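Novice: Fold the stuff below for me.
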Amino acid sequence: MRALPALALAVVTLVATPAWAVLQGATSRDPNGLRRSVVSIESSTGELCSGVVVAPDLVLTAAHCMTDRAAYRVNALNRAFRLQRFNVAALAVHPTFVPGTTPRTQPGIDLAILKLDRPLGPEFLALDPTQAGRIDVGDGVTIAGFGVLTERARRTARTLRQTNLVSLGPIEVANRVLIVVDRSRLAETAGAGACRGDSGGPILAATQTGYLLYGITSWSSGPLRSRQPSACGGLTAVTPIAEHLGWISSSMRSLNGRNGAWTGH
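Specialist: Next comes the predicted model:
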């Protein structure tokens, strides 16, 4: 695999944007699969992100998805894959996060937690962030999100897709993230990965009994050998949640005690 210091240097020169669909991903059609835990997040300004259910009325996502002065809504899929809509009543953003910069140079931890105006209900499954493990080099992971099927096909967004990637390990530019890539392409040429619409979606480890939540998608880039500027098909950058469980747990407790409050940025 590519040496990580060289990979970190290459990231500096790449086009990197918020990971706004799962490129080359398979549509998730199992009613007992990830539709129970993965949701989409839309703002009143038309922006789209993804998120993961971590409690009956709490969703973990990327902080950069929540920077607009806008109203936010969470869309979840019922067993028939029809939308169930929930308003965001409260929000906590990681206190170190600094909005307004490009994703790969963005200081701070790219995490936020949303409190819904009512519980999702028994059809949905919360993934416990306290069960998160660490992702080592060579580990396989699953990513999921509601973004576009290909970078320029914006009308293909809002369908839940998932794919399997492999970890190349951590890098540090302005912040520490983990890099995951298509196992067969290793980010050299275009392959599977996050794209526009996947920011905030989960990075998961598959087990015999279900999925464990390991991280949140922050940004993506084009392949290293791309001749054209691209934000998809190369690197997928992950904020690992095992390193931030203290903030996640305390924010979940705080949001559970608030009604209509907005915290953080």
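
Novice: Tell me where the stretch 51-200 of the chain is predicted with low confidence.
Specialist: 103, 149-157 (pLDDT under 70).

Novice: Which parts of this protein are helices?
Specialist: With DSSP state H as the criterion, the chain has helices at 4-13, 245-256.

Novice: Mean pLDDT lowest where, among these?
Specialist: Ranked by mean pLDDT, the helices of the chain bottom out at helix 4-13, with a mean of 46.

Novice: and R183, what does it touch?
Specialist: 140, 164-166 (CB atoms under 8 Å, 6 or more residues apart in numbering). In this view, the C-beta of every residue, glycine as well, is placed from N, C-alpha and C.

Novice: let's go with 6 Å and repeat that
Specialist: V166 (CB atoms under 6 Å, 6 or more residues apart in numbering).

Novice: roughly how far apart are it and I203?
Specialist: Between R183 and I203 the distance is 15 Å, computed by CB to CB, to the nearest Å.

Novice: Would you map the strands across the stretch 1-150 of the chain?
Specialist: For the stretch 1-150 of the chain, strands defined by DSSP state E, counting those that start in this stretch occupy the ranges 16-18, 26-27, 38-43, 48-55, 58-61, 72-77, 83-93, 112-116, 140-145.

Novice: Reformat those as JSON lines; add mean neighbour count.
Specialist: Output for the strands of the stretch 1-150 of the chain, formatted as JSON lines (neighbours: other CB atoms under 10 Å):
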{"stretch": "strand 16-18", "mean neighbour count": "23"}
{"stretch": "strand 26-27", "mean neighbour count": "12"}
{"stretch": "strand 38-43", "mean neighbour count": "25"}
{"stretch": "strand 48-55", "mean neighbour count": "26"}
{"stretch": "strand 58-61", "mean neighbour count": "26"}
{"stretch": "strand 72-77", "mean neighbour count": "20"}
{"stretch": "strand 83-93", "mean neighbour count": "18"}
{"stretch": "strand 112-116", "mean neighbour count": "26"}
{"stretch": "strand 140-145", "mean neighbour count": "24"}
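
Novice: who wins for proximity to Q208 among those?
Specialist: strand 140-145 (14.1 Å; CB to CB).
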